[in-house]
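>>> Everything below, folded, please.
(one chain, ligands or ions: 1)
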Amino acid sequence: MSKFSAFAQKAVNSVKFNNPIGEIYDNSVALTPPMGWSSWNLFRNKINEDLIYETAEALKDSGLADCGYKYVNIDDCWQSSMRDKNGRLQGDLSSFPNGIKNLAERVNSLGLKLGIYSSNGTLTCEDLPASLGKEAIDADTFAEWGIEYFKYDFCHNIPISTSAPKIGGITVTDTKTYEETEYNIDSAVLSGEAEIINDKHLRYISGLSSNSGACEFKNIYVRESGEYILTIIVRKSGRNEKHLDILVNGTDIYRTDLPGTKSPTPDGKHQIKIKLSEGENNVKLYNSVASRRDSAAVQYSVMGKELKRATKEYAEKNGCEEKPIVFSICEWGRNFPWQWGSKAGNLWRTTPDILPKWFSVLGIYEFNVMLYKYSGIGSWNDPDMLEVGNGNLTYEENKSHFTLWCMMAAPLILGNDVRKFIKSDGSVDINNPTYKILSNKKLIAVNQDKLGIQCRRVKTNGAEDILVKPLENGEFAVCLFNKAGSLARMECSLKELSSHPFVGVYSSNEFEINELWSDDILSVSDKLETTVPPHGVKIYRVKVM
Ligand code: GAL
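Numbering: from 1, shown residues only. A predicted model of the protein is given here:
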């Protein structure tokens with residue numbers, strides 16, 4: 001086991017997480033792993049609107065769009081360093097002079113979809129304006145532009161504080177009459193480690209930090225449903241920022257951050273608008289964030305919710321069909337996103353950035369392959385974008401990289417220059433080895449199988465792995481992967497594999513197997529024996545006869 005995967009295995013096992021976000025993220029897209037292209041792996045910051053449009057045209061003209069590659073994703077460096085006068089993000093004013101909305105329309109007219117990128121931080125990884133704290137306005141902008149894929153990075157992130165403020169009481173103010181009602185801390189119901197502290201300056205409730213306690217005001221009475229100002233009286237303490245979750249009537253959650261303080265007065269006021277219903281209301285104060293992992297989960301889910309809200313509102317306002325946005329979480333696996341990503345978005349990066357080098361492809365595979373049980377329809381492990389055709393990967397390595405990503409039900413986001421597949425006379429270079437790999441429809445069918453199951457490694461001796469992936473109609477895919485630098489003779493028992501609980505197909509004495517790179521079809525009664533080239537794979541689609 002490599003050093004990286006030993007670390008990773010340990011990380012997978014040592015879990016402490018409070019899981020502060022709600023239901024599965026359902027936006028009816030990414031029901032199979034998303035397929036498309038991204039500008040990052042090859043072009044980095046050297047992008048402009050012509051390159052993006054030419055790529056979209058090449059995807060269409062080469063037939064790759066028909067193979068399923070539909071998302072044309074602009075990664076970092078599309079933004080101007082200036083937001084516009086309304087505080088909205090805008091495309092780089094010289095490299096995207098016609099704006100992103102115009103580009104989206106042109107890409108759409110080719111039958112393709114435009115994707116875009118930002119960071120869950122104050123700046124992107126390339127230090128351009130980003131979306132932390134600006135989720136609503138940025139989601140509205142993307143919805144208005146017709147964006148359909150959104151990758152959300154993690155550079156310049158500021159985690160949510162695990163500290164909660166000390167609460168000296170609350171008041172509720174009617175926004176129409178300015179009538180104010182005060183609720184004393186003695187009327188609050190305390191739970192967990194929450195307790196009342198008798199301080200000479202201000203009596204207050206303490207013990208709400210790191211999800212350790214809560215205080216609930218159960219008797220907040222208003223005559224009419226509507227918007228009210230909640231003023232929280234706080235006992236100022238400490239220079240660190242504080243965070244508070246406000247849960248109203250068990251359903252509506254408001255999250256608010258309070259600045260650190262050096263001010264001379266002991267108490268202060270923090271205000272937030274909340275919606276109350278006619279009659280009695282319950283307002284619960286606590287801080288659900290107990291770790292960096294909780295913080296990331298909350299911050300990503302905030303953006304996920306804004307994207308859903310924004311596309312819905314845009315469609316309603318403009319009387320058009322809603323364009324849901326595939327939400328791609330990219331925090332490099334740091335905060336165990338496989339544990340919470342399905343509640344925040346559609347896919348989550350599980351590892352650091354891929355490089356067009358064999359050790360990188362292999363290291364990412366070793367980690368991602370262990371996470372099979374977290375992937376599924378609408379929520380995918382993302383071992384990063386493809387490097388097929390980039391760098392010095394050999395033909396066998398490119399094939400293996402693509403095959404492993406197909407087996408792992410990974411998003412297939414191309415990272416190469418697809419314009420090269422179109423010859424100067426306009427015809428498609430169908431003999432281009434990279435093109436042949438990326439357009440193999442039988443491999444793509446394994447990736448796009450409707451069951452949406454990531455393969456499982458059922459056998460390994462360290463250098464040789466056997467992977468299986470259940471497919472529709474009782475079929476399954478078997479991949480023999482040789483990581484070594486020399487030819488390997490590999491074998492497996494199809495009887496054994498077909499009756500493995502993960503595959504769940506009954507055993508048989510006859511299997512029809514299709515080798516998906518050579519396209520050979522054979523009938524086998526049990527044992528499959530073959531040679532696998534160095535750093536190579538053999539992949540079979542198996543039918544039980
Ligand atoms: C990294 C991310 C890459 C790429 C890059 C852009 O954090 O993992 O895939 O998006 O930022 O700056």
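
>>> What count of nearby residues applies to residue 154?
Per other C-beta atoms under 10 Å, the neighbour tally for residue 154 reads 22. C-beta here means a position set from N, CA and C on the backbone, and glycine is covered the same way.

>>> try residue 323
18.

>>> now swap in residue 426 and tell me
Residue 426: 7 neighbours (other C-beta under 10 Å).

>>> check contacts around it.
residue 61 (C-beta atoms under 8 Å, 6 or more residues apart in numbering).

>>> Over to it. Which of the three states is it?
The three-state label given to residue 426 by DSSP: H, G, I helix; E, B strand; the rest coil is coil.

>>> Next one: it, what pLDDT does it get?
With respect to pLDDT, residue 426 scores 97.

>>> same question, residue 1
pLDDT, read off for residue 1, is 41.

>>> For the closest residue to residue 192 other than its chain neighbours, grab the count of nearby residues.
Once flanking residues are discounted, residue 192 sits nearest to residue 213: 3.3 Å by C-beta to C-beta, 6 or more residues apart in numbering. Residue 213 has 20 neighbours, counted by other C-beta under 10 Å.

>>> mind checking how far residue 213 is from residue 284?
For residue 213, the distance to residue 284 (C-beta to C-beta, to the nearest Å) stands at 11 Å.

>>> hang on, the earlier thing: right, and the residue nearest to residue 192 touches residue 193 too?
Yes. Between residue 213 and residue 193 a contact is recorded at 4.1 Å, counting by C-beta atoms under 8 Å.

>>> Need the nearest residue in space to the residue in the stretch 301-450 of the chain that the ligand sits nearest to, chain neighbours excluded.
In the stretch 301-450 of the chain, the residue that lies nearest the ligand is residue 353 (4.6 Å; C-beta to the nearest ligand atom). Nearest residue to residue 353, sequence neighbours excluded (C-beta to C-beta, 6+ apart): residue 384, at 6.4 Å.

>>> Is there a neighbour count for that neighbour? I'd like the number.
27.

>>> Double-check it against residue 364; I have them as touching.
Yes. The pair residue 384 / residue 364 is scored as a contact, 6.3 Å apart, by C-beta under 8 Å.

>>> Find residues that contact each of the two.
Residues within reach of residue 384 and of residue 364 at once, by C-beta under 8 Å, 6+ apart, are 351, 354.

>>> SS state for the residue nearest to residue 448 when sequence neighbours are not counted?
Excluding its sequence neighbours, the residue lying closest to residue 448 (C-beta to C-beta, 6+ apart) is residue 32, at 4.5 Å. Three-state assignment for residue 32 (three-state DSSP): coil.

>>> pretty sure residue 435 belongs to a helix, no?
Yes. According to three-state DSSP, the state of residue 435 is that of a helix.

>>> What residues does residue 128 make contact with?
76-77, 79-81.

>>> what subset of the residues you listed is also close to the ligand?
Taking C-beta under 6 Å from any ligand atom as the test, the ligand is in contact with residue 76 out of those.

>>> Going by distance to residue 121, which of the contacts of residue 128 wins?
Proximity of these to residue 121 (C-beta to C-beta) peaks at residue 76, which lies at 11.8 Å.

>>> Would you mind measuring from residue 236 to residue 196?
Counting by C-beta to C-beta - residue 236 and residue 196 are separated by 17 Å.

>>> So if I had to pick from those two, which one is more boxed in?
Using other C-beta under 10 Å as the criterion, residue 236 and residue 196 rank with residue 236 on top: 21 against 16.

>>> Cross-check the contact I'm expecting between the more buried one and residue 265.
Yes. Using C-beta under 8 Å, residue 236 is in contact with residue 265, at 7.2 Å.

>>> list the contacts for the residue nearest the centre of the chain?
Within the chain, one residue has its C-alpha closest to the average C-alpha position: by C-alpha atoms, centre = their mean, that is residue 329, at 2.4 Å. Shown in contact with residue 329 (C-beta under 8 Å, 6+ apart): 152, 300, 337, 341, 344-345, 347-349, 382.

>>> Go ahead and build a ChimeraX selection from the buried members of these.
Selection of buried members from those for ChimeraX, criterion 16 or more other C-beta atoms under 10 Å:
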select :152,300,337,341,344,345,347,348,349,382
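
>>> Dump the contacts of residue 329 into JSON lines; add secondary structure as well.
Formatted as JSON lines, these follow (three-state DSSP):
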{"residue": "152", "secondary structure": "strand"}
{"residue": "300", "secondary structure": "helix"}
{"residue": "337", "secondary structure": "helix"}
{"residue": "341", "secondary structure": "helix"}
{"residue": "344", "secondary structure": "helix"}
{"residue": "345", "secondary structure": "coil"}
{"residue": "347", "secondary structure": "strand"}
{"residue": "348", "secondary structure": "strand"}
{"residue": "349", "secondary structure": "strand"}
{"residue": "382", "secondary structure": "strand"}
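
>>> Put the alpha carbons of stretch 356-370 into CSV.
Extracted in CSV, the C-alpha atoms of stretch 356-370 (Å, rounded to 0.1, in the frame of the first residue of the first chain):
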residue,chain,number,x,y,z
PRO,A,356,-0.8,13.8,-16.2
LYS,A,357,1.6,11.4,-14.5
TRP,A,358,1.2,7.7,-13.8
PHE,A,359,1.9,8.0,-10.0
SER,A,360,-0.8,10.6,-9.7
VAL,A,361,-3.4,8.5,-11.6
LEU,A,362,-2.5,5.5,-9.5
GLY,A,363,-2.5,7.3,-6.2
ILE,A,364,-5.9,8.8,-6.8
TYR,A,365,-7.3,5.4,-7.9
GLU,A,366,-5.9,3.7,-4.7
PHE,A,367,-7.8,6.1,-2.5
ASN,A,368,-11.0,6.6,-4.5
VAL,A,369,-11.5,2.9,-5.1
MET,A,370,-12.0,2.4,-1.3
